[in-house]
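Participant: turn this into a model:
(one chain, ligands or ions: 1)
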Amino acid sequence: MTGLLVFGSTGQVATELRRLAPDASFLGREAAELSDPEACAAAILAHRPEAVINAAAYTAVDRAESETELAQCINSLAPAAMARAAAELGVPFLQISTDYVFDGSGERPWREDDATGPLGAYGATKLDGERGIAEAGGQWAVLRTSWVFSAHGANFVKTMMRLGKERDELRVVADQHGGPTPAADIAAACLDMIRSMRKQPGKGGIYHFSGAPDTSWAGFARTIMKQAGLSCRVTDISTSDYPTPARRPGNSRLDCRAIMRDFGIARPDWHAGLEKVVTELEQ
Ligand SMILES: NC(=O)C1=CN([C@@H]2O[C@H](COP(=O)(O)OP(=O)(O)OC[C@H]3O[C@@H](n4cnc5c(N)ncnc54)[C@H](O)[C@@H]3O)[C@@H](O)[C@H]2O)C=CC1
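Facilitator: Prediction:
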């Protein structure tokens with residue numbers, strides 16, 4: 001897509017965007033440092049793009065508890081500054097956000113207008129980013145997704161495949177539920193949304209998008225072992241058996257009907273995405 005400017009270049013989603021939209025301009029860390037929000041805004045004004053996607057973020061969930069100020073700058077101040085610059089140019093801006101804006105209570109899939117309540121610093125900084133973007137006044141969309149995986153970067157699939165080759169048994173949390181989402185499908189959804197927003201200037205807002213069907217981390221791990229032909233046994237444990245600096249939501253299920261209704265984008269079956277990622281990793 002010519003005229004598209006993407007923040008991020010080597011992350012999971014940015015890598016897939018590059019595959020799907022090789023004509024777009026990608027700004028890696030060396031070209032746009034998100035700890036300097038005004039530099040990000042200046043980069044947009046200098047490039048004069050037709051649309052902007054932010055695929056860069058501070059994604060280290062546990063480290064964000066102790067590096068909160070930096071995470072806040074990268075996840076909140078920078079996207080807000082980007083959204084203001086895009087508004088100044090009158091071009092659509094799309095931000096990727098997270099299921100971690102919710103408190104994880106209940107079992108019902110979260111709808112876009114449900115009350116937020118992040119359990120940790122990462123979710124809080126991402127939520128502040130959403131608010132800053134909405135206040136920027138331009139045409140914007142926020143795509144909340146969950147449990148992202150791909151053949152690149154650090155993610156659960158790669159960790160499970162590595163450990164599954166080394167060990168006979170893995171203990172994996174079974175009381176957190178959500179939809180694993182292939183980064184390739186997120187990239188495709190972002191591009192579809194941007195195309196649609198360019199055609200219809202009134203379009204935008206917050207949308208949920210995750211892979212189907214919902215599962216637990218343990219259920220996901222079992223499917224990964226099977227898909228990768230590994231005999232490693234996966235044993236269910238509970239969140240309290242695996243303490244982490246940041247609390248994780250128990251219910252990360254996202255209700256994805258709005259993106260289907262407004263953009264015609266369906267929940268992807270993550271099994272198909274997993275098959276491709278496992279094949280790519282084994283090549
Ligand atoms: N990974 C996951 O499971 C989930 C991710 N998300 C969101 O999806 C989006 C994409 O995530 P991933 O591709 O998985 O992330 P990733 O961790 O693979 O990539 C993040 C990218 O941000 C860049 N970045 C980090 N700090 C930077 C800085 N100071 N200046 C410039 N660039 C910087 C990195 O270089 C990298 O390219 C993010 O907004 C994330 O919050 C949402 C839900 C779950």
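
Participant: just checking, what packs against the helix ranked longest in the chain?
Facilitator: Of all segments of type helix in the chain, defined using DSSP state H, the longest is helix 183-199. Contact here means 3 or more C-beta pairs under 8 Å, 6 or more residues apart in numbering; DSSP states H and E; on that basis helix 183-199 packs against helix 12-20, strand 51-54, strand 93-98, strand 140-145, strand 148-149, helix 257-263, helix 270-282. Heads up, the C-betas are built off the backbone N, CA and C, glycines and all.

Participant: quick one: closest of those to L45.
Facilitator: strand 51-54 (10.9 Å; C-beta to C-beta).

Participant: for the record, mean pLDDT for the very next helix or strand once past that closest one?
Facilitator: Following strand 51-54 in sequence order, the next helix or strand is helix 68-72 (DSSP states H and E). When pLDDT is averaged along helix 68-72, the result is 98.

Participant: can helix 68-72 be said to contact the ligand?
Facilitator: No - Helix 68-72 stays clear of the ligand (C-beta under 6 Å from any ligand atom), getting no nearer than 7.7 Å.

Participant: buried sites along the very next helix or strand once past that helix?
Facilitator: Later in the chain than helix 68-72, the nearest helix or strand by DSSP H and E is helix 78-89. Using 16 or more other C-beta atoms under 10 Å as the test for burial, helix 78-89 gives 78-87, 89.

Participant: would TSV of the residues you listed with pLDDT and distance to G123 be doable?
Facilitator: Listed next are the buried residues of helix 78-89 as TSV, based on pLDDT from 0 to 100; distance: C-beta to C-beta, whole Å:
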residue	pLDDT	distance to G123
A78	98	17
P79	98	15
A80	98	17
A81	98	21
M82	98	20
A83	98	19
R84	98	23
A85	98	25
A86	98	24
A87	98	25
L89	97	30
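
Participant: between the residues you listed, which is closest to S240?
Facilitator: Of those, the one sitting nearest to S240 (C-beta to C-beta) turns out to be P79, at 33.7 Å.

Participant: excluding chain neighbours, what is closest to that closest one?
Facilitator: Nearest residue to P79 in three dimensions, chain neighbours excluded: G129, at 4.5 Å (C-beta to C-beta, 6 or more residues apart in numbering).

Participant: and for that neighbour, the neighbour number?
Facilitator: 28 (other C-beta atoms under 10 Å).

Participant: wait, isn't it in contact with S76?
Facilitator: Yes - between G129 and S76 there is a contact under C-beta atoms under 8 Å: 4.2 Å.

Participant: tell me the residues on the stretch 151-283 of the chain that lie near the ligand, please.
Facilitator: So the stretch 151-283 of the chain meets the ligand at 153, 183 (C-beta under 6 Å from any ligand atom).

Participant: tally up the residues packed near the closest residue to the ligand within the stretch 151-283 of the chain, please.
Facilitator: Among the residues of the stretch 151-283 of the chain, G153 lies closest to the ligand, at 3.7 Å counting by C-beta to the nearest ligand atom. The number of residues packed near G153 is 16, by other C-beta under 10 Å.

Participant: my read: it touches T10, true?
Facilitator: Yes - counting by C-beta under 8 Å, G153 touches T10, with 7.4 Å between them.

Participant: just give me the neighbour total for L45.
Facilitator: With other C-beta under 10 Å as criterion, L45 counts 12.

Participant: can I assume it is in contact with R84?
Facilitator: No - counting by C-beta under 8 Å, R84 is not a contact partner of L45; they are 10.1 Å apart.

Participant: for the stretch 101-250 of the chain, what spans make up the strands?
Facilitator: For the stretch 101-250 of the chain, the strands defined by DSSP state E, counting those that start in this stretch occupy 140-145, 148-149, 169-173, 177-178, 181-182, 205-208, 215-216, 233-237.
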